[in-house]
Structure formats: structure tokens, C-alpha cells
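> Build me a structure from this.
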Amino acid sequence: MRPSFKEISLPTLIFVFFFSLYLLTAQGSIQSSDGKTMFLLTQSIAEHQSISFSEHVAGPLAEKYYSKYGLGMSVLVLPLYLLGKGLGMVLGIDPVFATRFTVSLFNVIVTPLTCVLLYFFALRRLYFPSQVACWLSLGFGLGTIAWPYSEEFMSEPATSLFLLASAYCLTDDRRWDRKALSLWAGVFFGVALSLRSATAIALPGFVVYAFWTARSGREWLERLHEALRFLIPVIGFGLGLLYYNYVRFGDALETGYESGMVPHFWTGFLGMLFSPGKSVFLYNPVLILACLGVPALFRKRPQMAFLIAWVILSHVLLFSFWHSWFGGMSWGPRLLLVVVPFWILPAGYLAEIRLGWFRKAMAVAVIVGALIQIPAVSVNMARYYYQLQTQSAEFEPLLLYDVAHTPLIGQWHQLAEVVRGLSDEAALQKRTQMALQGTRFAGKDVAEALRWGLAVNAPNFWWYYMKRFGYPWALCIGPPIVLLCLTLLCGYKLVSHLKSESHSPTSF
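Residues are numbered from 1 along each chain as shown. Okay, the predicted model is just below:
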């Protein structure tokens with residue numbers, strides 16, 4: 001007998017809610033140069049079994065190009081690429097459009113999985129009640145930059161998932177299957193490393209944790225063996241990464257990022273934490289609550305606190321030295337998205353002080369956080385950068401440090417301008433034709449891109465683009481309505497659970 005909707009487990013409900021929401025608000029295309037480069041590598045692997053490609057995206061011209069980004073992302077999306085190719089053949093859709101569409105949905109799947117894993121981490125590792133764990137999951141999925149980046153084809157969302165999965169396996173207190181869990185922790189960490197080589201900065205913290213929490217009474221050599229179970233898969237992925245570097249750059253130790261490290265630590269450090277244009281707290285207000293719970297985490301779970309603190313601080317310190325610590329033309333401190341799931345966890349300890357206060361504080365943080373993300377989800381993030389460039393040659397300092405020019409305000413203006421522009425059908429039609437013809441604005445005057453680029457002058461949703469491109473109304477209207485209803489229904493059930501006083505850890 002099939003379970004009714006009322007009996008659906010809470011983790012399943014969390015996944016369906018976020019998957020429906022993210023798919024509803026997905027852009028369905030790959031708009032960043034990073035994403036286009038990773039897609040071209042996926043395409044080359046699938047079509048030519050090669051790790052080089054000939055299409056130019058950015059940088060100097062050459063006969064063939066190699067991606068400087070992690071190989072893992074391009075490999076993981078191969079099933080979605082093949083799915084898109086198959087759908088294109090069956091439905092008679094341009095295979096280039098179909099494959100880009102399906103590949104672009106990768107993080108629409110990944111981010112809800114992170115929300116579910118965050119729920120389990122809070123429930124089974126920190127032993128928070130189900131209601132508190134659910135609040136933390138909603139806080140991450142709705143009230144942080146995780147939502148806008150669910151629609152972008154970038155590696156940060158997947159890296160955060162696999163890094164959290166590694167920590168989840170490594171921190172199992174039951175130890176009933178320690179050998180297998182240690183190996184799985186290593187595999188997940190290795191996958192995260194294949195996505196972003198910067199993940200290596202967190203490795204010492206994981207190794208120290210593995211030694212620290214080894215079973216008491218064991219000899220040092222036995223503890224070493226336990227840590228090695230974690231390290232063996234990581235070493236395997238690391239050797240693969242070294243070989244990939246050698247093939248790309250002729251040097252196994254060359255990653256493609258060395259030239260970007262600069263001795264301006266305080267600029268990046270203070271910028272990521274406190275600048276009006278990129279502060280991690282302004283874009284993710286729930287993290288303010290999390291900071292209040294840090295003392296309780298260290299007091300009650302010092303080993304876990306060490307691991308979480310290491311993951312967060314190691315990334316913050318590393319990216320503080322990166323020349324583009326702000327993440328380029330992106331929403332908020334993009335590079336720190338990897339550690340946001342870890343950062344939010346201490347907020348759960350506030351519920352032990354007073355559950356009612358915790359609920360109200362989390363509700364405010366989630367609502368405010370969601371309102372912050374809405375303009376970034378609705379309009380291409382690059383639009384505000386383009387507009388500032390047309391106004392000032394020194395637009396970057398304005399965007400980062402001037403309160404009046406922060407994207408938190410500016411992106412709302414962009415949303416208003418895009419909505420007003422919907423009344424100019426002639427201009428929209430011209431932009432649509434240029435998009436269908438494959439017009440590219442790379443290297444051209446930014447004012448031209450701002451005026452004629454469809455991606456920066458339209459609601460950034462896949463179903464709207466399909467309408468502009470002339471696809472049947474059934475494809476443009478039907479799926480969004482279904483997704484909206486599913487989101488509202490699951491959202492109602494989640495709110496009902498959060499309001500309930502009595503709850504079970506897994507189901508209603």
C-alpha cells in the first residue's frame with residue numbers, strides 16, 4: 001500500500017520542496033564564462049573523448065583550450081548531457097539547447113540534496129530535534145546564497161554537498177561500521193577535491209579529527225590505520241588531479257590559480273566578512289544567529305566544533321589571499337558558499353535556550369534572507385555589474401565598499417528595470433532574434449551587451465525563455481504551474497511541521 005502525502009517522510013518533503021522551487025526559478029541556460037568552459041569540457045569528453053576543446057570562451061586565442069576548473073564537475077554532469085542529447089532527438093529540440101538546458105539543472109538537483117543532508121547532519125550528528133534540524137535546512141535553502149547559485153552551473157554547490165557528506169561520514173559517533181564510513185568519507189572528500197582543488201585546504205582538519213576521535217585505548221599505529229582509511233581515496237583522487245594538471249599544463253603541480261594569489265590578506269578577509277557589497281553576513285543573515293551558537297558548540301562538542309571551525313576558517317583565510325576574493329560578477333561572496341552549510345549548524349544550539357525565541361529568530365532570518373535572494377534569482381546577476389561599468393570606470397570599489405551602490409540595493413533596481421522593459425515588445429523581439437542567432441557580446445562594449453543581451457533584459461527563468469523562443473505553450477506554462485503548486489503544497493506541510501509541538505525525527 002502506497003503511503004499518502006501526509007505520511008511522506010520529512011527529508012523527502014524537504015527535497016521535493018526545494019527541488020520544485022529551484023526548478024521553478026532555474027534559468028535553464030549556462031550564462032557564466034566559468035560554466036560555459038566546464039560545459040565545453042563535458043561536451044568534448046562526451047563527443048570526442050578529449051579533455052581539450054576548440055571553442056573560445058575567454059582569455060587569449062589558441063588552437064585548443066583546456067579548462068582551468070576541476071575535472072569533477074564536467075564528469076559528474078555527463079549523464080545530464082546524454083539525457084539532453086536524447087531528449088533533443090526525441091522531441092526535435094536543438095541538441096545544443098537541450099544539452100545546455102539539462103546540464104544547467106545539475107545544481108537544481110545538488111542543492112536540495114545538500115538541504116536534506118544538512119537536516120540529517122543536524123539531527124544525527126548534533127542531535128538537534130527534528131523541528132530544529134528542519135529550520136536549519138530551510139535557513140540554508142531559502143535564506144542564503146544557496147538559492148541563487150542553484151540556478152548557476154558552477155562548482156561551489158556540488159563542492160559543499162560532497163564536503164558535507166565527507167564530514168557526515170567521518171563524524172558518525174556510533175562507529176558500528178567505522179571502516180566503511182572512513183572510506184566513504186575519503187571518497188566524498190576526493191570528489192570535492194576533483195571539483196575544486198582549493199578543498200585541499202580543509203584536509204588537515206579532517207585528518208586531525210580522524211586521529212582525535214579514534215577509539216580510546218588503541219595504539220598509535222592503529223589510529224594511523226584508521227586515518228589512512230580516510231586518506232587512501234583522497235590520495236587516489238589527488239594523484240588523478242596531479243595527472244590532469246600535467247596533461248593540461250605540463251606540470252603536475254600547476255593548478256592554473258597560482259597567479260591569482262596576492263599579498264592583500266586584510267582586503268579579502270575584511271571584504272568577505274564586512275564589506276557592504278560582499279559581506280557573508282549581509283547576504284546570509286542566518287549566519288549571524290549561527291555565530292551566537294558557536295560557544296555552545298565548542299562547549300558541548302569540542303571535536304565537532306574543531307572540524308567545523310577548521311573547514312570555515314581555512315577557506316576564509318585562503319580566499320582572503322585570492323585576487324578575486326569577491327567572486328567576480330557574482331551574487332555575494334560566492335567562494336564562501338562551500339562552507340555555508342557548516343557555518344549555519346551552530347544556530348541550532350539557540351533552541352536550547354528558548355525554543356520559541358529560536359523559531360521567531362529563524363523565521364525572521366529566513367524571510368529576510370529569502371527577500372535578499374529574490375532579485376538575484378529573478379534577474380541575471382551580471383546586469384548590475386554592466387550598468388555600473390557604464391557609469392564609472394572605477395565601478396568595482398563602488399560596488400564593494402559604497403553602501404549606496406551595494407548589489408543588495410542595486411539588484412532590486414535591475415529587477416524593476418527588467419519588469420518595465422517587458423512592455424517594449426519590439427526590443428525584446430530583437431534581443432530574442434539575436435539570441436537565436438548566437439550573437440555573443442564577449443569583448444564588445446558593455447553598453448551594447450546591456451542593451452541587447454536577452455539574458456540581462458528578461459526574467460531569468462527557463463520557461464520565460466522557452467516562451468520567447470517560440471516553444472509550445474504547454475511546455476512554457478504547464479510545468480511552471482505544476483511546480484508552483486507542488487512548492488506551495490510542500491511548503492504548507494513544512495510550515496505545519498514547524499508549528500507543531502510534537503514531532504518525530506523522520507515523518508509526520
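> Over to the one residue sitting closest to the centre of the chain. Which of the three states is it?
Taking Cα atoms, centre = their mean, the centroid of the chain lies closest to residue 157, which sits 2.5 Å from it. Secondary structure assignment for residue 157 (DSSP: H, G, I helix; E, B strand; the rest coil): helix.
> I figured it hits residue 113, correct?
No: the pair residue 157 / residue 113 is not scored as a contact, 9.4 Å apart, by Cβ atoms under 8 Å. C-beta coordinates here come from the backbone N, C-alpha and C atoms, glycine included.
> Next one: residue 217, what pLDDT does it get?
Per-residue confidence (pLDDT) for residue 217: 57.
> cool, and residue 440?
Confidence score, pLDDT, at residue 440: 85.
> what secondary structure does it sit in?
coil.
> separation between it and residue 105?
According to Cβ to Cβ, to the nearest Å, residue 440 and residue 105 sit 23 Å apart.
> Which one's more surrounded, these two?
residue 105 (23 against 12; other Cβ atoms under 10 Å).
> Now that one: closest residue in space, sequence neighbours ignored.
Spatial nearest neighbour of residue 105, excluding adjacent residues (Cβ to Cβ, 6 or more residues apart in numbering): residue 26 at 6.1 Å.
> could you measure that neighbour against residue 102, distance?
Separation of residue 26 from residue 102 (Cβ to Cβ): 11 Å.
> got it, and residue 232?
34 Å.
> Hmm, residue 156 is touching residue 196, no?
Yes: at 7.5 Å, residue 156 and residue 196 qualify as touching, with contact defined as Cβ under 8 Å.
> domain parsing for the chain?
With automatic domain parsing as the criterion, the domains of the chain are listed as 29-104, 106-377, 380-458.
> how far out from the middle of the chain is the second one?
Averaged C-alpha coordinates place domain 106-377 at 11 Å from its chain's average position (Cα atoms, centre = their mean, to the nearest Å).
> Quick check: end-to-end length of that domain?
16 Å (Cα to Cα, to the nearest Å).
> Following element in sequence after the strand or helix carrying residue 203, please.
According to DSSP states H and E, residue 203 maps onto helix 203-212. For helix 203-212, the following helix or strand on the C-terminal side (DSSP H and E) is helix 220-249.
> quick one: that next one to helix 203-212, angle?
160 degrees (axes from the mean of the first three to the mean of the last three Cα atoms, to 10 degrees).
> so what does helix 220-249 touch, helix or strand wise?
When contacts are defined as 3 or more Cβ pairs under 8 Å, 6 or more residues apart in numbering; DSSP states H and E, helix 220-249 packs onto strand 65-66, helix 71-76, helix 178-195, helix 203-212.
> buried ones in that helix?
By neighbour count with 16 or more other Cβ atoms under 10 Å, helix 220-249 contains the buried residues 223, 226-227, 229-231, 233-234, 237-238, 241, 244-245, 248.
> Can you name the element that comes right after that helix?
For helix 220-249, the succeeding helix or strand toward the C-terminus, using DSSP H and E, is helix 265-274.
> circling back to that earlier point, turn the buried residues of helix 220-249 into a markdown table, including pLDDT and distance to residue 133.
Below are these laid out as a markdown table (pLDDT from 0 to 100; distance: Cβ to Cβ, whole Å):
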| residue | pLDDT | distance to residue 133 |
| --- | --- | --- |
| 223 | 70 | 31 |
| 226 | 76 | 28 |
| 227 | 85 | 29 |
| 229 | 91 | 28 |
| 230 | 93 | 25 |
| 231 | 95 | 30 |
| 233 | 97 | 28 |
| 234 | 98 | 28 |
| 237 | 98 | 30 |
| 238 | 97 | 33 |
| 241 | 96 | 34 |
| 244 | 96 | 38 |
| 245 | 94 | 40 |
| 248 | 91 | 42 |
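> which one of those sits closest to residue 46?
When these are compared for distance to residue 46 (Cβ to Cβ), residue 244 wins out at 17.3 Å.
> Helices of the stretch 401-508 of the chain, start to end?
Under the criterion DSSP state H, counting those that start in this stretch, helices of the stretch 401-508 of the chain are mapped to 407-421, 425-436, 446-452, 462-468, 473-499.
> could I have the third one exported to PDB, CA atoms only?
Just to be clear, that refers to helix 446-452. Taking Å, rounded to 0.1, in the frame of the first residue of the first chain, the C-alpha atoms of helix 446-452 are listed here in PDB:
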ATOM      1  CA  VAL A 446      29.500  46.600 -22.200                       C
ATOM      2  CA  ALA A 447      26.800  49.100 -23.100                       C
ATOM      3  CA  GLU A 448      25.900  47.000 -26.100                       C
ATOM      4  CA  ALA A 449      25.600  43.900 -24.000                       C
ATOM      5  CA  LEU A 450      23.400  45.700 -21.500                       C
ATOM      6  CA  ARG A 451      21.100  47.000 -24.200                       C
ATOM      7  CA  TRP A 452      20.800  43.900 -26.500                       C
END
